[in-house]
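Student: sequence and predicted structure are below.
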Amino acid sequence: MKAVSLLILVRHGQSTWNAKKLFTGWTDVELTDQGVIEAVNAGKLLCDIDFDFIYTSKLKRAQKTAEIIIQCNSKSKNVKIIKDYRLNERHYGDLQGVNHDVAREKFGAEQIQIWRRSFDIPPPNGESLKMTSERTIPCLEEEIIPELTTGKNILVVAHGNSLRSIVMKIEDISKEDIVKLEIPTGKPISYSFENNSFIFQK
């Protein structure tokens, strides 16, 4: 019987652009004070898990969240941190840096909703969720799952859309249903992994 391991997904804490309701994407912004608190709270929830690996994106809001989480953890002394651009947030193209309300005024609320929530329609010069999944899923399958099969515990700290695409794969969620899934900041999502299968942990 193969070893049982854990995969924990955490969306970074609130960022400065989240707070201002700006489309962030690949723009490298900091956490707010609230975001730091959210990261600390996530760390407290995960303080008893001995992580072997932490995967983060190349963006500092995810990296800082991971750093805070691991500072709250007394067991993960030899954890290896891996920064992979494939876990970056979805690129919002021409919308990056634009306030949500301003974007609705310019393009129309219906169009913004299509760009934000459709599976395969990207904003101008940006990525759709489908395009995002085409880089996140190889990271999951090529890097993360092989470690899980050997009993390693893994924490992934990334972004709303990069994590949404991973959850879609893990839970076999349809493209119609995945766009309805909200992933809150700083709230761990836990799965056990055994015999090549993921089981959601409530």
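Tutor: Arrived safely.
Student: so what's Leu95 up against?
Tutor: Residues counted as contacts of Leu95 (Cβ atoms under 8 Å, 6 or more residues apart in numbering) are Phe23, Gly25, Ala103, Trp115, Pro123, Pro124, Gly126. C-betas here are computed from N, CA, C, even on glycine.
Student: ok, and the closest non-adjacent residue to it?
Tutor: Phe23 (4.1 Å; Cβ to Cβ, 6 or more residues apart in numbering).
Student: could you check how far the one you found is from Ser197?
Tutor: 36 Å (Cβ to Cβ, to the nearest Å).
Student: also Tyr55?
Tutor: Using Cβ to Cβ, Tyr55 is found at 20 Å from Ser197.
Student: okay, strands next: where are they in the protein?
Tutor: 5-11, 53-56, 80-83, 154-158, 189-194, 197-201 (DSSP state E).
Student: and the helices in the protein?
Tutor: For the chain, the helices defined by DSSP state H cover 16-19, 33-45, 60-71, 100-107, 109-117, 129-139, 145-148, 160-171, 175-178.
Student: looking at these, which is closest to Tyr191?
Tutor: Tyr191 sits nearest to helix 160-171 of all the helices of the chain, at 6.5 Å, using Cβ to Cβ.
Student: so what touches the closest one?
Tutor: Where contact means Cβ under 8 Å, 6+ apart, the residues beyond helix 160-171 that reach it are 7, 9, 11, 57, 86-90, 129, 132-133, 136-137, 140, 156, 158, 173, 175, 178, 181-183, 189, 191, 198, 200.
Student: buried only: go through these for me.
Tutor: 7, 9, 11, 57, 86-90, 129, 132-133, 136-137, 140, 156, 158, 173, 178, 183, 189, 191, 198 (16 or more other Cβ atoms under 10 Å).
Student: the contacts of Leu95, buried ones only, as a PyMOL selection?
Tutor: Command for PyMOL, covering only those of the contacts of Leu95 found buried under the criterion 16+ other Cβ under 10 Å:
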select buried, resi 23+25+103+115+123+126
